[in-house]
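S.K.: Based on what follows, work out the 3D shape:
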Amino acid sequence: MQVRCPLCGSRYRIPAERITPTSRIRCPKCNDVFSVRGARIETPPASPVSASAGPKVRQKVVIVEDARFFRQLVRDVLEPLNLEIREAADGREGLALIRQEKPHLVILDLNLPRLNGYELMRLVRAEPTLKHTRLLAMSGVFRKESDQEEAQKAGADDFMGKSFTPDLFLELVRKLLAENR
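M.R.: Have a look, this model is predicted:
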């Protein structure tokens, strides 16, 4: 089920089985606490397909992140963009998925098991078939500007800390996807 914050309008996906008529939700964006009864419950709009335009190809995004919660958070924030999203829980699984899907954008954590984000980016950049793939590196352990520089040296097109705001994150993703066209 998707709910919309009555104060700031942000949308969030919440598992229907966790919602009761008395449930209260805290909006991560504006910190407002509201009841489910006061929230607007939405269903994703059906995208109309124009017969003359033909089927629209959705852009592919791969999320490589070991924390299931954060993968779901990123997926929820990206929902308004109508992207085809795939997920991997470690670097090796991510590399295999990237090679298979050839996504437009990869959003990856730098601290991954089995193959860290820096190594993963270097391997992606070394493959000619993936040269147009945009890489957005993220880290929750961002300590200094040299971390960002190191990520860019490894092949990142951009870098963002995990304590982002949804609007800023969406703006950056839109920019990276537009560069890929």
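S.K.: so where is the chain shaky, pLDDT-wise?
M.R.: Along the chain, segments meeting pLDDT under 70 span 1, 15-19, 21, 36-56, 142-144, 180-181.
S.K.: what about 80?
M.R.: Counting by pLDDT under 80, the ranges of the chain that qualify are 1-57, 141-147, 180-181.
S.K.: can you give me the strands for it?
M.R.: With DSSP state E, the ranges of strands along the chain come out as 2-4, 11-13, 24-26, 33-35, 40-42, 60-64, 84-88, 105-109, 134-139, 158-161.
S.K.: Direction included, what does the third one pair up with?
M.R.: The sheet places strand 24-26 alongside strand 33-35 (antiparallel), with pairing taken from DSSP bridges.
S.K.: Repeat that for the last one.
M.R.: Each strand that pairs with strand 158-161, with its direction, by DSSP bridges: strand 134-139 (parallel).
S.K.: now what about the longest helix along the chain, what contacts it?
M.R.: If you go by DSSP state H, the chain has its longest helix at helix 166-179. For helix 166-179, contacts defined as C-beta atoms under 8 Å, 6 or more residues apart in numbering pick out 10, 28-29, 59, 61, 74, 77-78, 80-81, 104-105, 107, 134, 136, 157-158, 160. Yep, even glycine has a C-beta here, placed from its N, CA and C like the rest.
S.K.: partner residues bridging Arg86?
M.R.: For Arg86, the beta-bridge partners are Val62 (DSSP bridges).
S.K.: So it sits against Val62, correct?
M.R.: Yes. At 5.0 Å, Arg86 and Val62 qualify as touching, with contact defined as C-beta atoms under 8 Å.
S.K.: quick revisit: now the buried members of the contacts of helix 166-179.
M.R.: Among the contacts of helix 166-179, those classed as buried by 16 or more other C-beta atoms under 10 Å are 10, 29, 59, 61, 74, 77-78, 104-105, 107, 134, 136, 157-158, 160.
S.K.: any idea which residue sits dead centre in the protein?
M.R.: Centroid check for the chain by C-alpha atoms, centre = their mean gives Val74 as the closest residue, at 3.6 Å.
S.K.: so it touches Glu65, yeah?
M.R.: Yes. Proximity of Val74 to Glu65 meets the contact threshold set by C-beta under 8 Å, at 7.1 Å.
S.K.: Alright, calling it a day.
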